[in-house]
Structures are given as C-alpha cells and as structure tokens.
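Peer 1: This is a predicted model, with the sequence first.
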Amino acid sequence: MVERMHNQGVPIAAGTDTPIGLSVPGYSLHSELEMLVRSGLSPLEAIGAATVAPARYFSLQDEMGTIDVGMKADLVLLDADPLADISNSKRISAVISKGRLVQP
C-alpha cells in the first residue's frame with residue numbers, strides 16, 4: 001500500500017508513536033526506514049520521510065527538518081553510508097543534540 005501511495009505522489013512521513021506495544025524508542029524508526037525502502041522508496045526518500053516530511057506536515061519547515069543556518073537540528077553521525085544501505089542508519093558513531101556531542 002505504501003508503494004502505491006508513494007507512486008501516486010502521496011507524501012510519506014516516518015515517525016514513531018512510542019511507547020506502544022513492543023516498539024523500542026529510537027530503534028523502531030530505523031525499522032520503519034527499512035520498511036519504507038522495501039516498499040519502494042529510495043534510501044534518500046526514506047530519510048526525507050523522517051526529516052523534512054514531518055516538518056512540512058506540522059508546518060515547521062521554517063524551523064526544522066533540514067540542516068541550514070538558524071534551523072533547529074539534532075544530528076546523527078554515522079560510520080557507514082545510509083544511501084548505500086538504509087540499515088546503515090543504525091551504525092551511529094555520535095549524536096549532536098541541542099548543540100552537545102552525545103556518544104551512543
């Protein structure tokens with residue numbers, strides 16, 4: 001169904017509603033990215049579904065969703081390319097949150 005919606009131009013946004021059931025905060029988003037790629041989105045489109053798409057959905061695209069001067073952003077630094085394999089989004093080497101470096 002997601003693939004058909006995507007092919008028809010329906011905007012796809014990723015996000016988790018944790019805590020529900022067996023969803024693990026943080027990890028479940030990586031699983032969702034993998035499911036989106038299996039549904040036909042490119043890795044870049046899946047990443048966009050977790051970043052800029054939610055910002056647009058909530059009309060916050062002028063504040064967050066992209067990396068630019070004046071934008072709010074938490075950054076995840078990876079040691080492998082998620083565009084080559086979306087499961088590489090789990091290969092986190094560091095996180096920058098609210099301007100502070102956090103080691104996973």
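Peer 2: Ah, there it is. These numbers come from a predicted model, not from an experiment.
Peer 1: nearest spatial neighbour of the residue nearest to the spatial centre of the chain, skipping sequence neighbours?
Peer 2: The residue lying closest to the centre of the chain (Cα atoms, centre = their mean) is residue 50, at 2.9 Å. Once flanking residues are discounted, residue 50 sits nearest to residue 14: 4.1 Å by Cβ to Cβ, 6 or more residues apart in numbering. C-beta here means a position set from N, CA and C on the backbone, and glycine is covered the same way.
Peer 1: now residue 67
Peer 2: residue 73 (5.5 Å).
Peer 1: need the contact list for that neighbour.
Peer 2: 64, 66, 67 (Cβ atoms under 8 Å, 6 or more residues apart in numbering).
Peer 1: Counting neighbours, which of those residues end up buried?
Peer 2: By neighbour count, with 16 or more other Cβ atoms under 10 Å, those hold residue 64 as buried.
Peer 1: one step back: which residues touch the residue nearest to the centre of the chain?
Peer 2: By Cβ under 8 Å, 6+ apart, the contact set of residue 50 is 13, 14, 15, 29, 32, 33.
Peer 1: for the residues you listed, which one is nearest residue 100?
Peer 2: Residue 100 lies nearest to residue 29 out of the contacts of residue 50, by Cβ to Cβ, at 20.8 Å.
Peer 1: Please name the nearest non-neighbouring residue to residue 28.
Peer 2: residue 16 (4.7 Å).
Peer 1: do you know how far the one you found is from residue 27?
Peer 2: Distance, residue 16 to residue 27, by Cβ to Cβ, to the nearest Å: 9 Å.
Peer 1: Alright, that wraps it up for me.
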